[in-house]
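Visitor: Fold the following and give me the result.
(one chain, ligands or ions: 2)
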Amino acid sequence: MLHIKSPEEIALLREPCAIVRDCLVFVGQRIGAGMTTREVDSLVYNFIKASGAEPSCLGYYGYPASACVSVNETVVHGIPGDRVLKEGDIVSVDLCAYKNGFHGDGARTFIIGRTTPENEKLVRVTEECFFKGIEDLRAGTPLMDIGYRVQKHAESNGFSVIRAYTGHGIGREMHEDPSVPNYGRRGTGIRLPAGAVICIEPMIAAGGWRVRVLDDGWTAVTLDGKCAAHYENTVVIREDGAEILTL
Ligand code: MF3
Ligand code: CO
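Guide: Numbering: from 1, shown residues only. Ligands and ions are numbered 1, 2, ... in the order given. Alright, predicted model coming up:
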């Protein structure tokens, strides 16, 4: 069931969303070659705690960290560990904060130093896919219009859309209805009501869209080993548009 948030509830969820935004900026200023993915996770844990919030991911279905740190061929849910970031890597950092009884959720893909033109394009197009996805988004928009726009932009740039993972509603739970695919047929799906709060998160691959999950039970990598990028914001649907809460 989709929970419509009241203006009072939206006021409460602004704070965890602002913490997610600020944490992503903070990580972006510090992430670099030579750092381990575990060190990235520590930055996130410490920032969220210092903000008076809780890292929602930590312990979620047994997830062992505060952030998902997904390098190159890792699409999402990369478990932080000993992997050392190096020049040319592209790194998705995905994190959630819980405060005031609500969750905020966002992700960015950072480029370590300089990378290849193809990786640069992948990261840029993935961000663009998010903004295409929210174009003309307002109360009454069919849900699948989001995925339709994301998919069109990704595929017209020669990339593919990950199918196995989707965006989602968010609120008192980190994952609520509806599921928000990054692909779909225009004009289909529920009409999003004002007060719906959803996470739109294009996951775009340079090669094929097929993924497999490593033996750790979380880390999702592309089957063909090519790079993938990820970009996510929490968005509230309004009568006259969509407001991004984590940017
Ligand atoms: N932030 C992720 C999302 O967009 C959730 C990560 S799964 C977790 O849905 F286990 F790490 F929490
Ligand atoms: Co999410």
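Visitor: Tell me the residues on this structure that lie near ligand 1, please.
Guide: Counting by CB under 6 Å from any ligand atom, the residues of the chain lying close to ligand 1 are Cys57, Tyr60, Tyr61, Tyr63, Cys68, His77, Asp94, Cys96, Asp105, Cys199, Glu201, Glu232. Yep, even glycine has a C-beta here, placed from its N, CA and C like the rest.
Visitor: So which of those residues sit within strands?
Guide: Cys68, Asp94, Cys96, Asp105, Cys199 (DSSP state E).
Visitor: restrict those residues to those near ligand 2?
Guide: Asp105, Cys199 (CB under 5 Å from the ion).
Visitor: Okay, helices next: where are they in the chain?
Guide: Remark: helices assigned in the chain by DSSP state H are 7-30, 37-50, 117-133, 144-156.
Visitor: Now do the contacts for Lys226.
Guide: By CB atoms under 8 Å, 6 or more residues apart in numbering, Lys226 lies in contact with Glu73, Ala205, Ala206, Gly207, Gly208.
Visitor: Pretty sure the third one sits against Ile162.
Guide: No: applying CB atoms under 8 Å as the test, Ala206 and Ile162 come out as separate, 11.4 Å apart.
Visitor: what residues are shared contacts of those two?
Guide: Shared contacts of Ala206 and Ile162, defined by CB under 8 Å, 6+ apart, comprise Ala228.
Visitor: okay, those two: which has more neighbours?
Guide: Ile162 (25 against 22; other CB atoms under 10 Å).
Visitor: For the closest residue to the more buried one other than its chain neighbours, give the beta-bridge partners.
Guide: Closest residue to Ile162 in three dimensions, ignoring its sequence neighbours and counting by CB to CB, 6 or more residues apart in numbering: Met203, at 3.9 Å. Per DSSP bridges, the residues bridged to Met203 are His230.
Visitor: What is the burial count for Met203?
Guide: 32.
Visitor: any idea how far it is from Met35?
Guide: 23 Å (CB to CB, to the nearest Å).
Visitor: returning to that earlier point: just send the ones in strands among the residues of the chain next to ligand 1 back as CSV, with neighbour count and pLDDT too.
Guide: Formatted as CSV, these follow (neighbours: other CB atoms under 10 Å; pLDDT from 0 to 100):
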residue, neighbour count, pLDDT
Cys68, 27, 99
Asp94, 26, 99
Cys96, 32, 98
Asp105, 27, 99
Cys199, 26, 99
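Visitor: coming back round to it: out of the helices of the chain, which comes closest to ligand 2?
Guide: Taking CB to the ion, helix 7-30 is the member of the helices of the chain nearest to ligand 2, at 10.1 Å.
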